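Enquirer: Give me a 3D structure for the following:
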Amino acid sequence: MTDLELATVGDAVDALTNPFTSRTKVDYWHGNNRRTRVHEARFPSLLRQLEAAKRPGEVYVEPGTGGGHGKPGSRPPARLEAIHLELAISLWAADMVWKARRPVREATVANLRALVGAYPAEDSTVLGRLRGWVGSAKVLAGWSLPPRRLEAPCPQCNTVNSLRVRLDESTACCVECRATWDASTIPILGEHVRRVTQATVREDASAVMIAAGSTTMPAAG
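Expert: The predicted structure is shown next:
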């Protein structure tokens, strides 16, 4: 599911709340002939998967298989991030329903579905946030490979170790301020990380030179 496929608030809400089927092409050899078959796997909704991700050892997708539950201990735990994300989605959905002057429900799914019709189908603020929730839930539920953590500070909030990059979809986000980058803007983030990394390397090299008793500063790369 890409941002282009999540064109409306309803699309994004469905992606969070409805079960879905994944279809993956798998190449195999039959004698000397190379053939392709389509592997289908049925998954619970992303919210249900996120709930399961809070329990140690629970994942829904193992890399390379296209489906199935993981075994306990098969994936490094990210329980606090899963708990935080689920709570953030729940509070945000209830707040947006209240702002739309609609009845606030106890269930997160009900509040999310209430957003459909309460806001314009292509409302940029609501749709943008929903797309972010979908992307984060896919990562923490195991639907996508775990994101790479960057030590560089976020260019928006300057928090260190808060950047997460999904190499499989060329997207990134900050888990602190919720800033996001997609395929069109991630080169800007890449340039920021490159500059910060170069500065850090230079500072580290300078510290080593000073510690070694040299007063000559290393040249900039």
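Enquirer: all contacts plus neighbour counts: C-alpha atoms, from now on.
Expert: OK.
Enquirer: How about the secondary structure of the most centrally placed residue in the chain?
Expert: When the chain is reduced to its mean C-alpha position, the closest residue under C-alpha atoms, centre = their mean turns out to be Ser136, at 3.1 Å. When classified by DSSP: H, G, I helix; E, B strand; the rest coil, Ser136 comes out as helix.
Enquirer: what about the strands in this structure?
Expert: Using DSSP state E, the strands of the chain run over 20-30, 33-43, 148-150, 163-166, 171-174, 180-181.
Enquirer: Mind checking those for the one nearest to Lys99?
Expert: Nearest to Lys99 among the strands of the chain is strand 180-181; the distance by C-alpha to C-alpha comes to 23.9 Å.
Enquirer: Tell me which strands that closest one pairs with, and in which orientation.
Expert: Using DSSP bridges, strand 180-181 pairs in its sheet with strand 171-174 (antiparallel).
Enquirer: any residues touching the strand it pairs with, and which ones?
Expert: The set of residues external to strand 171-174 that reach it, using C-alpha atoms under 8 Å, 6 or more residues apart in numbering, is 154, 162-166, 179-183, 186.
Enquirer: Tell me how many other residues crowd the residue lying closest to Val165 once chain neighbours are set aside.
Expert: Distance criterion C-alpha to C-alpha, 6 or more residues apart in numbering; nearest residue to Val165, sequence neighbours excluded, is Ala172 at 4.2 Å. Residues lying near Ala172 (other C-alpha atoms under 10 Å) number 26.
Enquirer: quick one on the thing from earlier: and the strands of the chain, which is most packed in?
Expert: Of the strands of the chain, the one with the most neighbours on average (mean count of other C-alpha atoms under 10 Å) is strand 171-174, at a mean of 23.
Enquirer: next one: that one to chain centre, how far?
Expert: Remark: strand 171-174 is offset 7 Å from the chain centroid, using C-alpha atoms, centre = their mean, to the nearest Å.
Enquirer: what does stretch 21-30 give?
Expert: Relative to its chain's centre, stretch 21-30 lies at 25 Å (C-alpha atoms, centre = their mean).
Enquirer: before we move on, back to that, any chance of TSV for the strands of the chain, columns mean pLDDT and distance to Arg102?
Expert: Listed next are the strands of the chain as TSV, based on pLDDT from 0 to 100; distance: least, C-alpha to C-alpha, whole Å:
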stretch	mean pLDDT	distance to Arg102
strand 20-30	75	28
strand 33-43	79	30
strand 148-150	81	39
strand 163-166	80	34
strand 171-174	79	30
strand 180-181	78	29
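Enquirer: Quick one: residues contacting the residue lying closest to Gly10 once chain neighbours are set aside.
Expert: Once flanking residues are discounted, Gly10 sits nearest to Val116: 5.5 Å by C-alpha to C-alpha, 6+ apart. Listed by C-alpha under 8 Å, 6+ apart, the contact set of Val116 reads 9-10, 13.
Enquirer: okay, now the domains of this structure?
Expert: 1-145, 147-221 (automatic domain parsing).
Enquirer: if you compare these, which one is most tucked away?
Expert: When those are compared using mean count of other C-alpha under 10 Å, domain 1-145 is most buried, at a mean of 17.
Enquirer: Wait, Val26 touches Glu40, no?
Expert: No - counting by C-alpha atoms under 8 Å, Val26 stays clear of Glu40, with 10.3 Å between them.
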